[in-house]
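Engineer: Here's a sequence, model it:
(chains A and B)
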There are 2 protein chains.
Amino acid sequence: MADNHSLENLVQALRRLPGVGVKSAQRMAFHLLQHDREGAQLLAGALQAAVSEVRHCALCHTFTEDEVCATCRDPRRDRSQLCVVETPADQAAMERTGAYKGLYFVLMGKLSPLDGVGPRDIGLDKLFDRVDDPAAEVPVREVILATNFTAEGETTAHVIAQALKDRGLQVTRLARGVPVGSELEYVDLGTIAHALVDRR
Amino acid sequence: MADNHSLENLVQALRRLPGVGVKSAQRMAFHLLQHDREGAQLLAGALQAAVSEVRHCALCHTFTEDEVCATCRDPRRDRSQLCVVETPADQAAMERTGAYKGLYFVLMGKLSPLDGVGPRDIGLDKLFDRVDDPAAEVPVREVILATNFTAEGETTAHVIAQALKDRGLQVTRLARGVPVGSELEYVDLGTIAHALVDRR
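Structural biologist: Here you go, the predicted structure:
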């Protein structure tokens, strides 16, 4: 439509969202303009606020609006433990368990050589600075690798483990095994094999 | 995250997009903040521009930035024909065929009594005003109903057809039949039955 640049621009801008193709973008634009202009304005404001306010925690690299995030500031957390996760969503999943009281380091990505994502792109230097920091009140003693159990997550964990072991740190990995509530019959072979090797 | 209101607000705002749940919204927010802040700002601007610029064409009710849209202004179009479609996307599909030279009326919805969408919500009054308009240079002679061939689209077409026939207008419906390029073996029964009845 030659006279409808704003609508065209909106559809193009919506396509920058991950997982949104041209049909979805058109449906979203139609919905917002026809049924939810208030939502469109709300989203515009939220995007601008987030872009200007959200930055990375100086210690753990997660999203925060402060210099240091609430978790890293919390005096009740065990500063000698550092759990390495890929994304804030993974960190949130760990937090929901209530089973971990240490600090985090959020990679904000994973090593993926095929996609050209190397150690520098996911802030591994920052992680090494973090664990080496001589100014820390309590030095990091244990690093728990909680990257995903995918090929890329395992590679990332492997690379980090190698680098940290050279520094004399204790490096552990979340246990592989049979998920709680599952029946052996339906669990994949690799998982059972790992659970057997790591039996305790 | 207690210290991260902007991020929380962004996730909530993204959930107002149709088909976006909490997981997708989190993924979108993460992607924009980590990898595409330029895209986030672009989207914010596009949303605001669209909300302030895009309105409804005074004649056909579609989205436009002008008082009357480009199609309705086009002097080469046949003003005696009016094609009724549900959405601008349907209008675009009709235009792509290149087979229609008349004008449009875009309902911006469909009758859906189960969802509480009645004649008033989809601008049927506007459609009746449009076809009755005594000030029009060329009166509308034929109304072509091109609502979707779903239960709701058929209901909408039926209601419009009844009202317009009472006004003495010629009302037609897109032909139902076997899609071009399809094999009878794989076409559903209802379609074949309709194609048989409407054979020519």
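
Engineer: going forward, measure contacts between C-alpha atoms and count neighbours the same way
Structural biologist: Will do.

Engineer: A strand includes A:Gly181, no?
Structural biologist: No. A:Gly181: not assigned to a strand; according to DSSP: H, G, I helix; E, B strand; the rest coil it is coil.

Engineer: what's the residue nearest the centre of chain A in contact with, if anything?
Structural biologist: Geometric centre of chain A, nearest residue: A:Thr87, 0.2 Å, by C-alpha atoms, centre = their mean. By C-alpha atoms under 8 Å, 6 or more residues apart in numbering or on different chains, the contact set of A:Thr87 is A:62, A:106-109.

Engineer: so which of those also contact chain B?
Structural biologist: Subset of the contacts of A:Thr87 in contact with chain B: A:Met108, counting by C-alpha under 8 Å from any C-alpha of the partner chain.

Engineer: May I see the contacts of A:Thr87 organised as TSV, with neighbour count and secondary structure added?
Structural biologist: Listed next are those as TSV, based on neighbours: other C-alpha atoms under 10 Å in any protein chain shown; DSSP: H, G, I helix; E, B strand; the rest coil:
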residue	neighbour count	secondary structure
A:Thr62	25	coil
A:Val106	28	strand
A:Leu107	24	coil
A:Met108	21	coil
A:Gly109	21	coil
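
Engineer: Return the member of the contacts of A:Thr87 nearest to chain B.
Structural biologist: Relative to chain B, the closest of the contacts of A:Thr87 is A:Met108; by C-alpha to the nearest C-alpha it sits at 7.5 Å.

Engineer: Stretch A:147-161 vs chain B: in contact?
Structural biologist: No. Residues of stretch A:147-161 contacting chain B under C-alpha under 8 Å from any C-alpha: none, with a closest distance of 15.7 Å.

Engineer: In that stretch, which of the residues would be classed as buried?
Structural biologist: Under the neighbour-count criterion of 16 or more other C-alpha atoms under 10 Å in any protein chain shown, stretch A:147-161 has A:147-148, A:152-157, A:160-161 buried.

Engineer: Counting neighbours, what do you get for whichever residue of chain A sits closest to chain B?
Structural biologist: Going by C-alpha to the nearest C-alpha, chain B is nearest to A:Ala44 of chain A, at 4.1 Å. Per other C-alpha atoms under 10 Å in any protein chain shown, the neighbour tally for A:Ala44 reads 24.

Engineer: and it, that's in a helix?
Structural biologist: Yes. According to three-state DSSP, A:Ala44 belongs to a helix.

Engineer: Verify the contact between it and B:Ala49 for me.
Structural biologist: No. Contact between A:Ala44 and B:Ala49 fails when scored by C-alpha atoms under 8 Å: they sit 9.9 Å apart.

Engineer: need the contact list for A:Ser80.
Structural biologist: Neighbour list for A:Ser80: A:102-103, A:138-142 [criterion: C-alpha under 8 Å, 6+ apart].

Engineer: just these now: which is nearest B:Met94?
Structural biologist: Distances from B:Met94 to those, taken as C-alpha to C-alpha, are shortest for A:Leu103 (58.4 Å).

Engineer: in the sheet, who's paired with that closest one?
Structural biologist: A:Leu103 has these beta-bridge partners by DSSP bridges: A:Leu82.

Engineer: what's around it, how many residues?
Structural biologist: 21.

Engineer: Pull the contacting residues for it.
Structural biologist: By C-alpha under 8 Å, 6+ apart, the contact set of A:Leu103 is A:60, A:71-72, A:77-83.

Engineer: Which residue ranges of chain A form strands?
Structural biologist: A:55-56, A:63-64, A:78-85, A:102-106, A:142-145, A:170-173 (DSSP state E).

Engineer: Thanks a lot, see you next time.
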